[in-house]
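S.K.: Sequence first, then the predicted structure:
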Amino acid sequence: MTDPYATRTGQERKFLDGLEVLALASHQTRVEQFSNFTAWTPRQNIARFMVQDTIYQRILGVHGLIVEGGIGDGAGLFGWAHLAAILEPYNYTRKVVGFDLGVHPAVQSDLERLAKLHDLNRPLGHLKRIEFVWGDAAETIPEYMGRNKDLRIALLVLDFTKAAPTRAALKFMVPLMPKGGVVVTGGIWPEEMALLDPELRWERCSWSPTLCFAVKP
């Protein structure tokens, strides 16, 4: 699971500790806290979702899947799924597919149950929005693409912690991205970056310290 303290300052850690204590002691139910998320969510997490919205706006007219490489605790994957349900509620072809190896089995179970639960709260909820592909993505990506040769990818998020699955995604997925497709990354190894179109113009939202994205010409 992701360490929420990994890149935090001492003051930010104090804030997170205080938030944990307050959330557990609150008279509000968990559902009430979720419903009032702006009161309970750290600004960094809200900023990241704002970045996702900015990026999603770029693919509204582009056909294809949303693929996230590196699921972690699921925040990014579910962010894309929520945006799909909000901005394109009746676009049943806009599936969100996540690839990952290193997610704890208990977290995998939580995420799969959450995906089914969220399907109850959106239009066309009888059609599954999120698909999980567990296993070594260096192997599962070529296998998945081999079974789905007609797929197109509108948005590719590269958030793997290893080079091999990143290389597989660049090799097998980028060629399936139509004009206007978007590649998102928090950082790619130099040798893998060489596999991308050198003319890609990378952009960064002013409120995001990590994510950058490029639109395929």
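M.R.: Cool, the structure landed. Residues are numbered from 1 along each chain as shown.

S.K.: Pull out the buried residues from the least confident helix or strand in the chain by mean pLDDT.
M.R.: Every helix and strand in the chain was compared by mean pLDDT, DSSP states H and E; the lowest is helix 190-193, with a mean of 74. For helix 190-193, a neighbour-count test (16 or more other C-beta atoms under 10 Å) marks residue 192 as buried. Where you see a C-beta, it was placed from the backbone N, CA and C, and this is true even at glycine.

S.K.: which helices and strands sit right next to the next helix or strand after that helix?
M.R.: Counting by DSSP states H and E, the next helix or strand C-terminal to helix 190-193 is strand 202-203. Where contact means 3 or more C-beta pairs under 8 Å, 6 or more residues apart in numbering; DSSP states H and E, strand 202-203 is packed against strand 212-215.

S.K.: if we go to 10 Å?
M.R.: strand 182-185, strand 212-215 (3 or more C-beta pairs under 10 Å, 6 or more residues apart in numbering; DSSP states H and E).

S.K.: So what touches the last one?
M.R.: Applying C-beta atoms under 10 Å, 6 or more residues apart in numbering, the external contacts of strand 212-215 come out as 51, 54-55, 58-59, 62, 155-157, 177, 179-188, 196-197, 199-205.

S.K.: From the opening residue of stretch 139-156 to its closing one, how far?
M.R.: 17 Å (C-alpha to C-alpha, to the nearest Å).

S.K.: buried stuff in that stretch?
M.R.: So stretch 139-156, judged by 16+ other C-beta under 10 Å, has buried residues 140, 141, 144, 145, 153, 154, 155, 156.

S.K.: try stretch 176-189
M.R.: 176, 177, 180, 181, 182, 183, 184, 185, 188.

S.K.: Just the endpoints, please. Distance across stretch 199-213?
M.R.: 13 Å.

S.K.: meant to ask about stretch 181-195
M.R.: OK, stretch 181-195 end separation, C-alpha to C-alpha: 16 Å.

S.K.: Same check on stretch 184-203?
M.R.: 10 Å.

S.K.: Find the pair from the buried residues of stretch 176-189 with maximum spatial separation.
M.R.: 180 and 188 (20.5 Å; C-beta to C-beta).

S.K.: Wait, residue 126 touches residue 119, no?
M.R.: Yes: in this structure, residue 126 is within contact of residue 119 by C-beta atoms under 10 Å, at 7.6 Å.

S.K.: Would you mind telling me which of these two has the busier surroundings?
M.R.: Between residue 126 and residue 119, counting by other C-beta atoms under 10 Å, residue 119 is the more crowded of the two (17 against 8).

S.K.: need the contact list for the nearest residue to the more buried one once chain neighbours are set aside.
M.R.: What sits nearest to residue 119 in space, not counting adjacent residues and going by C-beta to C-beta, 6 or more residues apart in numbering, is residue 125, at 4.2 Å. Residues counted as contacts of residue 125 (C-beta under 10 Å, 6+ apart) are 85, 116, 118, 119.

S.K.: Could you name the helices and strands sitting against the helix or strand that contains the second one?
M.R.: Using DSSP H and E, the secondary-structure element containing residue 116 is helix 105-119. For helix 105-119, the contact count by 3+ C-beta pairs under 10 Å, 6+ apart identifies helix 75-87, strand 96-100, strand 130-134 as packing neighbours.
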